[in-house]
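Enquirer: any chance you could fold what I've pasted below:
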Amino acid sequence: MTNLIHLLPDSIANQIAAGEVVQRPASVVKELLENSVDAGANAIQLVVRDGGRTLVQVIDDGAGMSETDARMSFERHATSKIRKSEDLFTIRTMGFRGEALASIAAVAQVEMRTRRHEAELGTLVRMEGSELKAQEVTTGLPGTNILVKNLFFNVPARRNFLKSNTVEMRHILDEFQHVALAHPERAFSLYQNDAEVYNLPGGKLSHRIVGLFGKNYREQLAACQEETSFLKVMGYIDKPEFAKRTRGEQFFFVNQRYIRHSYLHHAVMSAFEGLLSEDSHPFYVLFLEIDPVHIDINVHPTKTEIKFDDERSVYSIVLATVKKAMGLYNLTPSLDFEADVNFVTAKHGSLSDGEGRNSWLENRQDPGSAPPKTPRQKSNETNWAKLYAEFQTAFRSEKNFDGRTTSARADKTEVTSSVLPGAFPEESSPDPDPLPDGLSATPPAHAAVGPAEARTFGS
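Expert: Presented below is the predicted three-dimensional model:
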């Protein structure tokens with residue numbers, strides 16, 4: 001009897017894997033931008049043509065790769081991010097599976113030029129349908145320049161399933177915004193069909209929000225920031241009167257990774273209870289910093305879903321943080337561009353505290369300040385000591401997935417914010433300064449640029 005089971009060729013296996021990782025051009029954009037972030041790039045440029053169908057190009061000034069690494073990067077499960085199983089519980093990079101480039105090369109024509117900063121020459125690799133077409137020495141700037149052409153050229157059904165260029169470009173813009181928001185300290189630019197859409201210099205989170213969404217956002221956002229021994233929360237939330245009828249401007253980031261989390265979204269909406277009209281959706285950008293041992297990000301191919309080992313405690317902290325900000329929001333009528341709640345983002349491999357955590361700038365109000373002279377709006381929760389006491393009780397009684405109580409950690413949990421009842425600043429925050437030179441409040445007018453294949457930094 002003939003044996004029926006056999007191993008699939010790598011080219012077919014890669015196409016199957018690509019179905020999970022590469023669903024549309026926006027998937028390619030996400031993977032390439034995150035690779036640039038992991039490479040330590042300070043300036044990242046994205047070039048798109050025809051909604052990503054014919055070209056997605058990413059240029060960065062990151063670490064670059066050696067000749068061997070450049071070829072290995074297109075192999076399945078080849079990665080520099082992890083080396084042993086324990087590393088899965090301490091992940092701080094965007095990627096770690098080693099599937100992205102192999103999956104992209106399986107369904108597109110890929111050309112990559114890369115050069116390490118200390119090397120005089122770089123490497124050129126051409127792939128097509130998982131097949132190596134060329135590998136040679138080349139010149140070029142330090143960093144990596146990767147072009148993905150004719151996506152799904154060898155999978156006609158998938159190519160025909162793509163939506164219009166306008167729809168695909170909207171998905172690309174979403175992914176670009178996620179990565180650009182997560183890393184405000186890095187410069188990002190975006191070109192569509194040789195026209196400049198975004199040119200965002202590195203800087204503060206408040207500047208990045210205005211650069212992506214428009215100048216009017218500086219008048220409608222209030223800062224929120226909280227820190228416990230378990231979780232840090234910081235970001236900006238919309239004032240209730242500016243909430244929109246449409247969704248899509250709600251952003252959660254856990255350890256600088258964009259996630260979708262309906263449970264935490266419910267926490268934010270609960271904080272707005274009684275302050276929003278029906279079917280209104282406030283803008284918010286919230287960053288959560290937590291020890292990686294308390295989360296699992298390896299639950300979905302796109303890594304946009306996450307599991308917490310103590311989800312209800314995270315919910316309680318987020319709810320309390322946003323509620324407090326809503327109680328204070330009328331004291332901060334606009335974004336203060338001098339006192340930004342932005343945090344210091346350490347590069348991978350050079351983390352500031354030596355324990356694998358990013359540092360946070362302390363931006364706290366003086367607990368000895370006098371109460372405001374002007375009356376403040378009453379919030380849903382007026383007794384913040386009671387609110388945090390309830391949070392502490394809930395936090396102490398919760399159980400981990402393994403059934404152990406969290407009492408030991410709860411005893412050590414302290415809310416370190418200095419914004420306490422009766423300890424508000426004497427005056428409200430000043431009006432924000434004018435936008436800094438070179439900051440684009442809205443997407444700049446389309447300006448002609450050179451061919452994408454010839455584009456380099458400084459073009």
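
Enquirer: distance check, residue 221 against residue 284.
Expert: 9 Å (C-beta to C-beta, to the nearest Å). The way it works is simple: take the backbone N, C-alpha and C, and place the C-beta from them, glycine included.

Enquirer: what touches both of those two?
Expert: Each of 236-238 lies in contact with both residue 221 and residue 284 under the rule C-beta atoms under 8 Å, 6 or more residues apart in numbering.

Enquirer: closest to residue 161 out of those residues?
Expert: Nearest to residue 161 among these, counting by C-beta to C-beta, is residue 238 at 35.7 Å.

Enquirer: nearest spatial neighbour of residue 30, skipping sequence neighbours?
Expert: Counting by C-beta to C-beta, 6 or more residues apart in numbering, residue 30 lies nearest to residue 175, which is 4.4 Å off, once chain neighbours are set aside.

Enquirer: which ones are touching the one you found?
Expert: By C-beta under 8 Å, 6+ apart, the neighbours of residue 175 are 26, 29-30, 33.

Enquirer: what count of nearby residues applies to residue 34?
Expert: 22 (other C-beta atoms under 10 Å).

Enquirer: isn't it right up against residue 182?
Expert: No. Residue 34 is beyond contact range of residue 182, at 9.3 Å (criterion: C-beta atoms under 8 Å).

Enquirer: export the contacts of residue 175 to JSON lines and append columns for neighbour count and pLDDT.
Expert: As requested, those are arranged in JSON lines below (neighbours: other C-beta atoms under 10 Å; pLDDT from 0 to 100):
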{"residue": "26", "neighbour count": "22", "pLDDT": "96"}
{"residue": "29", "neighbour count": "25", "pLDDT": "97"}
{"residue": "30", "neighbour count": "25", "pLDDT": "94"}
{"residue": "33", "neighbour count": "24", "pLDDT": "96"}
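
Enquirer: and the residues you listed as JSON lines, adding secondary structure and distance to residue 209?
Expert: Output for the contacts of residue 175, formatted as JSON lines (DSSP: H, G, I helix; E, B strand; the rest coil; distance: C-beta to C-beta, whole Å):
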{"residue": "26", "secondary structure": "helix", "distance to residue 209": "21"}
{"residue": "29", "secondary structure": "helix", "distance to residue 209": "20"}
{"residue": "30", "secondary structure": "helix", "distance to residue 209": "20"}
{"residue": "33", "secondary structure": "helix", "distance to residue 209": "18"}
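
Enquirer: mean pLDDT per helix and strand in this structure: which one sits at the bottom?
Expert: The helix or strand of the chain with the poorest confidence is helix 407-412; it has a mean of 38 (mean pLDDT, DSSP states H and E).

Enquirer: may I have stretch 131-141 as PDB, with CA atoms only?
Expert: The C-alpha trace of stretch 131-141 is given here as PDB (Å, rounded to 0.1, in the frame of the first residue of the first chain):
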ATOM      1  CA  GLU A 131      12.700  31.300  -4.400                       C
ATOM      2  CA  LEU A 132      16.000  33.000  -4.100                       C
ATOM      3  CA  LYS A 133      16.600  34.900  -7.400                       C
ATOM      4  CA  ALA A 134      19.800  36.800  -6.500                       C
ATOM      5  CA  GLN A 135      22.200  37.600  -3.700                       C
ATOM      6  CA  GLU A 136      25.100  39.900  -4.200                       C
ATOM      7  CA  VAL A 137      27.200  42.600  -2.700                       C
ATOM      8  CA  THR A 138      26.000  46.200  -3.100                       C
ATOM      9  CA  THR A 139      26.500  49.700  -1.900                       C
ATOM     10  CA  GLY A 140      24.100  51.900   0.000                       C
ATOM     11  CA  LEU A 141      23.300  53.700   3.100                       C
END
